[in-house]
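Novice: heads up, no residue letters with this:
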């Protein structure tokens with residue numbers, strides 16, 4: 001089972017204000033909601049899981065600069081990507097920042113704040129976070 005928190009599905013080229021898109025109040029509410037859903041599913045929240053924070057941008061250099069700045073803030077950070085795909089005929093670049101964390105608002109949200117601050121600085125969209133609960137044997 002994989003669960004992701006995802007901000008509103010908006011075409012990147014149509015975002016006029018990245019700080020409005022990366023609204024921390026909305027992201028926190030979604031995070032609390034998804035943590036509650038995970039808990040209701042009986043997942044052990046005290047375990048450590050690999051959390052995937054998803055960032056995207058139309059400009060690769062902006063995404064790269066953002067990822068480099070975030071990398072300096074966290075130890076043990078890994079990456080998946082960058083990937084390139086098309087959105088309304090335009091290229092979009094995406095990277096997933098992978099870090100170990102408990103599924104706890106007091107661990108996840110402070111990381112989100114730091115990540116979103118870097119995203120806002122570099123005009124990068126924070127597209128939510130996810131966690132994969134599959135065992136390696138599955």
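Specialist: Yep, it's here. Worth saying up front: this structure is predicted, and the values here are computed from it rather than measured. Numbering: from 1, shown residues only.
Novice: Tell me which residue is most central in the protein.
Specialist: Geometric centre of the chain, nearest residue: residue 53, 2.4 Å, by C-alpha atoms, centre = their mean.
Novice: Under a three-state scheme, what state does that one occupy?
Specialist: Here residue 53 is recorded as strand under DSSP: H, G, I helix; E, B strand; the rest coil.
Novice: Report the contact partners of the closest residue to it other than its chain neighbours.
Specialist: In space, and not counting its chain neighbours, residue 53 is closest to residue 97: 4.4 Å by C-beta to C-beta, 6 or more residues apart in numbering. Bear in mind the C-beta positions are built from the backbone N, C-alpha and C, glycine included. By C-beta atoms under 8 Å, 6 or more residues apart in numbering, residue 97 lies in contact with 52, 53, 54, 55, 67, 70, 74, 77, 78, 79, 115.
Novice: Where do the helices of the chain begin and end?
Specialist: In the chain, the helices defined using DSSP state H lie at 18-21, 24-40, 60-73, 105-122.
Novice: State the number of residues packed around residue 93.
Specialist: By the criterion of other C-beta atoms under 10 Å, residue 93 has 21 neighbours.
Novice: With residue 80 instead?
Specialist: 13.
Novice: which non-adjacent residue is nearest it?
Specialist: Leaving aside its chain neighbours, residue 80 sits nearest to residue 96 (4.0 Å; criterion: C-beta to C-beta, 6+ apart).
Novice: Test my guess that that neighbour contacts residue 54.
Specialist: Yes - using C-beta atoms under 8 Å, residue 96 is in contact with residue 54, at 5.5 Å.
Novice: Quick check: which ranges of this structure have low pLDDT?
Specialist: Within the chain, the segments meeting pLDDT under 70 span 1-10, 134-138.
Novice: Which strand runs longest in it?
Specialist: Identified as the longest strand of the chain according to DSSP state E is strand 90-102.
Novice: buried stuff in that one?
Specialist: Within strand 90-102, the residues scored as buried using 16 or more other C-beta atoms under 10 Å are 92, 93, 94, 95, 96, 97, 99.
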